[in-house]
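Participant: coords please:
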Amino acid sequence: MKFYKLFLLFLIIPGAVYAGADGFDTDVPKTITAQKIEYNIKSETIKTSGKTEISNQSGQKITLVDSYIFNKGTSAYGGDIQLWLGKNVYIKADSITKTDDDTFSKNAVFTACYNCDKFGNAWEISTTKLSHNMQSHMMKFYNPVFWAYNLPVFWFPYFEMPDPTIKHKSGLLVPDFNSTNNMGTQFNLPIYLAFSDTHDATLKVSYLTQENPLFQLEHRLNTNHSEFRTSGSFTHNKDGESRWHVFNDDVIEMGDNVRTTVFLERASDKTYLQKYGFYGDQPYLDSGAKIELFGQSGYVVADTHTFQELRADSTKYSTPNGNILPNIRGIYQTDPLFNETYIKLNADVLGVSGAGVSSQRIIGESSLVSPWTLWGGNRVTASMSARYDVYNFSNTEMEDGTIFSGVKTRFLPSGYLEWGLPLMRPGVTWKQVIEPRARITTMRNLQDPVFAKNNDSAGALLSDSTLFSDNRFPGLDLWENGTFADYGVRWAAFDNDGHNIETFLGQSYDFTKRNDTDPNSGFHNGQSDYVGRIDYEDSKWLSLSSRFRFAQDGMSLRHIENSARFGTTRNYFEVGHIWAAQFKDALTIDKNINEVTSGLGIHLTQRVGLKFNAIYNVTEQRFQRHTGGIFYNHPCYFLSLEYRRDNTIKEDYVGNTTIQFRFGLNLDGTKL
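Facilitator: As a prediction, this is how the structure comes out:
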């Protein structure tokens, strides 16, 4: 409700109805009650005597004494004013005068937290004079005092703010503070810039006691079919270095069937994001563009990527090898030819370049997939595929260790036959499903078996999600030249109260001798390791999950991931654990991966909450990171005190502890 609309009334008076041209919403009746009401038809003036109340059906109202309203609300004045602009937005004044677009109140009190706390208004502003302009929608306070629970907090000679109807208004936002062990105390002053209802930006200037200032900018623009988001920062530090980062994400809808995405992630160096608090555990930064075409039976996407590595040592990780310029993929699936049988067509074009190495490829693939449901509930799916690759290599390492430049082609037929038999056992309390499943797959390389070592594939890691996949290797470059079988059994049970439990155990078997494989992958000649999972969920308060891998020769544990969550969304405890044996080769044990994560959330009261998260490296016996904080969410304001400790050691970055305090007001549901 706009402030000035309080005086522009649709009045229901015995014997006559008068509509203010810009009053309360004209579709809602307004009522005026007073000890005495006089209406002058000629001057269209209303005069009330004694205590007067004007209200509408939405609950907005004004009470005043001895009021005058002229010319359908273009001018008005009265005394002992109390205004309820919304549920919690309230103004009280000794007197009020309105002329045209301007309203003036004397000895006024304003709050957006009226009657929201039994201890009194959480905050309010008292002022000797309050003015409001209906065109600018700005409220100006003269000699204002900010009060918190009836205690004066600070005084300003002058202060102005938008009225509650304004969602976007340029100006200063509430500052926040944080302190780090590396850069001292940091004072952050945000400046909000509103260009329109769909276009705004936030500029944040940060003063640091032990470093040079930091400048941040976040830009937002929405259109009818697109949205644009850009954020970045810059500083010129005391060592004379210019350090910065830029993140951008634009999504452009170009019709019902076309969408374009442009994304940019860049930083001046590997450690800047961590040192200044912009790091989100991303292993590398990805920049590029993507265009997607949608059809009823088909999908085409073309994308490009350039990468910036952030990790100090990426040799033991699966990382992008070079820049992708471009990658074009298309998928088309026919309607059923008969029964549920269909044909799927895939095409892929990829260019990879970086560090003097490059390759370009064109891949075409067609598949015939025929699923059948037979007697007794047996489910059988047969598939035949044919793929043809054309690669142009430049200084690329091949599987035999040689460096090759030139063109290579290969024809790659494959096929599989999969069987499953879901068996259900209904019960009074629980329903159970047991499903044995098996698949046999054959893949052949009919050309030169010596191919690129690794262009876009990152190697294989056996897990329950790897079984029954068309290609056990991520990416498309690595191709298995042999026959293998996947088999396993799933059991699940569920009841009507939201309890679910599911288990799976499976294995893979290679009939063909495998090429050299990472000893940590879980694949071997013949039988692979055993993989499985156990999941349990109580929709009310408990969730448990475990994924594991056991060695096929002796059943020793090779890999396990556990997670558990107890509680509700407000009060919870969660813990996770990952352990994996690491081998340098088939006989040499390396340091195991052993990591524990934990999280805790407790609401001490309806408004006060605590949160804590930690990652502990058991192998190195140290916390990698832990964070925590106390949060207070009042209907009219919020505040938090948080800390973060990062123990990462990387180049010029050696851990960092940050403590941050934030405070903000809620003005009619909008955070300031």
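Participant: all helices of this protein, in order?
Facilitator: Assigned by DSSP state H, the chain shows helices spanning 272-275.
Participant: would you agree Ser543 is in contact with Asn562?
Facilitator: No: look at Ser543 against Asn562 with C-beta atoms under 8 Å: they stay out of range, at 11.7 Å. All C-beta spots, glycine's among them, are computed from the backbone N, C-alpha and C.
Participant: residues touching stretch 526-536, excluding its own?
Facilitator: Applying C-beta atoms under 8 Å, 6 or more residues apart in numbering, the external contacts of stretch 526-536 come out as 462-464, 466-467, 488, 499-510, 522-523, 542-552, 555, 558.
Participant: please redo it, this time with the cut-off set to 6 Å
Facilitator: Here stretch 526-536 makes contact (C-beta atoms under 6 Å, 6 or more residues apart in numbering) with 462-464, 501-509, 522, 544-552, 558.
Participant: repeat that for stretch 640-650.
Facilitator: 271, 312, 623-631, 655-662.
Participant: which ones among the residues you listed map onto strands?
Facilitator: 623-631, 655-662 (DSSP state E).
Participant: how about stretch 169-187 as PDB, C-alpha atoms only?
Facilitator: Extracted in PDB, the C-alpha atoms of stretch 169-187 (Å, rounded to 0.1, in the frame of the first residue of the first chain):
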ATOM      1  CA  LYS A 169      15.700   1.800  -4.800                       C
ATOM      2  CA  SER A 170      19.200   2.900  -5.200                       C
ATOM      3  CA  GLY A 171      21.100   3.700  -2.000                       C
ATOM      4  CA  LEU A 172      23.300   2.300   0.800                       C
ATOM      5  CA  LEU A 173      22.500  -1.100   2.300                       C
ATOM      6  CA  VAL A 174      23.300  -2.200   5.800                       C
ATOM      7  CA  PRO A 175      27.100  -2.900   6.000                       C
ATOM      8  CA  ASP A 176      28.600  -6.000   7.400                       C
ATOM      9  CA  PHE A 177      32.000  -6.900   9.000                       C
ATOM     10  CA  ASN A 178      34.400  -9.800   9.000                       C
ATOM     11  CA  SER A 179      37.900 -10.400  10.300                       C
ATOM     12  CA  THR A 180      40.500 -12.700   8.900                       C
ATOM     13  CA  ASN A 181      43.900 -13.700  10.300                       C
ATOM     14  CA  ASN A 182      45.600 -12.900   7.000                       C
ATOM     15  CA  MET A 183      44.100  -9.500   6.100                       C
ATOM     16  CA  GLY A 184      42.700  -8.100   9.400                       C
ATOM     17  CA  THR A 185      39.300  -6.600   9.900                       C
ATOM     18  CA  GLN A 186      37.200  -6.100   6.800                       C
ATOM     19  CA  PHE A 187      34.400  -3.500   6.600                       C
END
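Participant: spatially central residue for the protein, please.
Facilitator: Gly280 (11.6 Å; C-alpha atoms, centre = their mean).
Participant: quick one: pLDDT of the residue nearest to it when sequence neighbours are not counted?
Facilitator: In this structure, Gly280 finds its nearest non-sequential neighbour in Leu273, 7.9 Å apart by C-beta to C-beta, 6 or more residues apart in numbering. Here, the pLDDT recorded for Leu273 equals 90.
Participant: list the contacts for Leu273?
Facilitator: His245, Ala267, Tyr279.
Participant: including neighbour count, pLDDT and distance to Asn224, could these go into JSON lines?
Facilitator: Compiled in JSON lines, those are given as follows (neighbours: other C-beta atoms under 10 Å; pLDDT from 0 to 100; distance: C-beta to C-beta, whole Å):
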{"residue": "His245", "neighbour count": "20", "pLDDT": "96", "distance to Asn224": "30"}
{"residue": "Ala267", "neighbour count": "22", "pLDDT": "95", "distance to Asn224": "33"}
{"residue": "Tyr279", "neighbour count": "18", "pLDDT": "81", "distance to Asn224": "35"}
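Participant: quick one: Trp372 and Ala382 touch, right?
Facilitator: No: using C-beta atoms under 6 Å, Trp372 makes no contact with Ala382, being 7.8 Å away.
Participant: settle it for me: which of these two has more neighbours?
Facilitator: Ala382 (15 against 12; other C-beta atoms under 10 Å).
Participant: where in the stretch 501-650 of the chain is pLDDT low?
Facilitator: 515-516 (pLDDT under 70).
Participant: could you redo the last one with a cut-off of 90?
Facilitator: Low-confidence segments of the stretch 501-650 of the chain (pLDDT under 90): 512-525, 538-540, 553-554, 569-570, 582-592, 606-607, 620-625, 633-639, 644-650.
Participant: can you pull out the strands in it?
Facilitator: 526-538, 542-550, 557-567, 572-580, 593-603, 608-617, 622-633, 637-650 (DSSP state E, counting those that start in this stretch).
Participant: those into a markdown table, with extra columns for distance to Ile37?
Facilitator: Output for the strands of the stretch 501-650 of the chain, formatted as a markdown table (distance: least, C-beta to C-beta, whole Å):
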| stretch | distance to Ile37 |
| --- | --- |
| strand 526-538 | 63 |
| strand 542-550 | 64 |
| strand 557-567 | 59 |
| strand 572-580 | 59 |
| strand 593-603 | 51 |
| strand 608-617 | 49 |
| strand 622-633 | 44 |
| strand 637-650 | 40 |
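Participant: of those strands, which is nearest Asp66?
Facilitator: Closest approach to Asp66 among the strands of the stretch 501-650 of the chain (C-beta to C-beta): strand 637-650, 36.0 Å.
Participant: that closest one to strand 622-633, inter-axis angle?
Facilitator: Angle of strand 637-650 versus strand 622-633, following axes from the mean of the first three to the mean of the last three C-alpha atoms, to 10 degrees, is 170 degrees.
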